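Enquirer: Could you work out the structure for the sequence below:
(chains A and B)
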Amino acid sequence: ETGVTQTPRHLVMGMTNKKSLKCEQHLGHNAMYWYKQSAKKPLELMFVYSLEERVENNSVPSRFSPECPNSSHLFLHLHTLQPEDSALYLCASSQEIIGVYEQYFGPGTRLTVT
Amino acid sequence: QKEVEQNSGPLSVPEGAIASLNCTYSDRGSQSFFWYRQYSGKSPELIMFIYSNGDKEDGRFTAQLNKASQYVSLLIRDSQPSDSATYLCAVNIYSQGAQKLVFGQGTRLTINP
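Expert: Numbering: from 1, shown residues only, chains lettered A, B, ... in the order given. Predicted coordinates:
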């Protein structure tokens, strides 16, 4: 256990559904991240939150909407997804200290869009 | 040019031998380098990080960094079947006001009993 939890672990949704992924970190970190991992592709950074402020949006389609209500919680709201959005969605956290950038991952949510 | 490059493998190593995993990166300003292990169906697990040129040892794992050559490697001594996994190299960069990690595609390692 890394101290980062994600729910649900598996999610099947239709293209017209709305769902949310949740991430919680118990490490006292001040930065959180959403990644997408598709088969045979490198991990893709989607969103970065530092001190609860979004600092990067890597050209992610608007059907993905992040929310960070506090430094321990991160959500990814999903709506009108496409089948190509099926992937493993990973949350990570880190403590933003100069020179220290280790990120710790949660177990991921396996998303299937039908 | 990809920011972080790894040989995707698969790399096959006999049990008990040394497994050598390599990674090159393009951003000369990078200061921190990480190796993650990812078992099939699981999330990446941080196993080593290195910030300074040279070697860093932790048990059977040794990370090696050469900033002049923009090269980082991971050696696994006395390889065990349980080391069979995909190994991800990650490098920190500073972009759009945030530190972030850029990952390579990963090298799939198989340890043969």
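Enquirer: Would you confirm that residue B:58 contacts residue B:48?
Expert: Yes. Using Cβ atoms under 8 Å, residue B:58 is in contact with residue B:48, at 6.0 Å. Any C-beta I mention is one placed from the backbone N, CA and C, and that applies to glycine too.
Enquirer: joint contacts of those two?
Expert: Residues touching both residue B:58 and residue B:48 (Cβ atoms under 8 Å, 6 or more residues apart in numbering or on different chains): there are none.
Enquirer: Run through the strands of chain B in chain order.
Expert: Listed in chain order, the strands of chain B (DSSP state E) span B:4-6, B:11-14, B:19-25, B:33-38, B:45-50, B:54-58, B:61-66, B:71-76, B:85-95, B:98-103, B:107-112.
Enquirer: Comparing those, which yields the minimum mean pLDDT?
Expert: Among the strands of chain B, strand B:98-103 carries the lowest mean pLDDT, at a mean of 84.
Enquirer: and that one, is it in reach of chain A?
Expert: Yes. Shown here: strand B:98-103 in contact with chain A (Cβ under 8 Å from any Cβ of the partner chain) through B:98-103.
Enquirer: ok, these vs residue A:14, which is closest?
Expert: residue B:103 (30.4 Å; Cβ to Cβ).
Enquirer: do you know how far the closest one is from residue A:19?
Expert: 26 Å (Cβ to Cβ, to the nearest Å).
Enquirer: Could you list the buried residues of the worst-scoring helix or strand of chain A on mean pLDDT?
Expert: Counting by mean pLDDT, DSSP states H and E, chain A has its least confident helix or strand at strand A:53-57, which shows a mean of 74. Under the neighbour-count criterion of 16 or more other Cβ atoms under 10 Å in any protein chain shown, strand A:53-57 has A:55-56 buried.
Enquirer: What strands flank that strand, and is each parallel or antiparallel?
Expert: strand A:44-50 (antiparallel) (DSSP bridges).
Enquirer: Could you check which of residue B:58 and residue B:48 is surrounded by more residues?
Expert: residue B:48 (19 against 11; other Cβ atoms under 10 Å in any protein chain shown).
Enquirer: Does that one touch residue B:35 like I think?
Expert: Yes. The criterion here is Cβ under 8 Å, and residue B:48 meets it with residue B:35 at 4.4 Å.
Enquirer: anything in contact with each of the two?
Expert: By Cβ under 8 Å, 6+ apart, the residues touching both residue B:48 and residue B:35 are B:61, B:63, B:74.
Enquirer: Close to chain A: what parts of chain B are there?
Expert: So far as Cβ under 8 Å from any Cβ goes, chain B lies against chain A at B:4, B:31-32, B:34, B:36, B:42-46, B:49, B:51, B:88, B:90, B:92, B:95-106.
Enquirer: Narrow the residues you listed to just the buried residues.
Expert: So, by 16+ other Cβ under 10 Å, the buried ones in the residues of chain B next to chain A are B:4, B:31-32, B:34, B:36, B:43-44, B:46, B:49, B:88, B:90, B:92, B:98-106.
Enquirer: Can you tell me which residue is spatially central in chain A?
Expert: residue A:34 (2.8 Å; Cα atoms, centre = their mean).
Enquirer: Point out the residues in chain A that sit beside chain B.
Expert: Counting by Cβ under 8 Å from any Cβ, chain A sits next to chain B at A:2, A:31, A:33, A:40-43, A:45, A:48, A:50, A:55-56, A:88, A:90, A:96, A:99-108.
Enquirer: Figure out how far stretch B:16-28 is from the centre of its chain.
Expert: Computed by Cα atoms, centre = their mean, to the nearest Å, the chain-centroid distance of stretch B:16-28 equals 6 Å.
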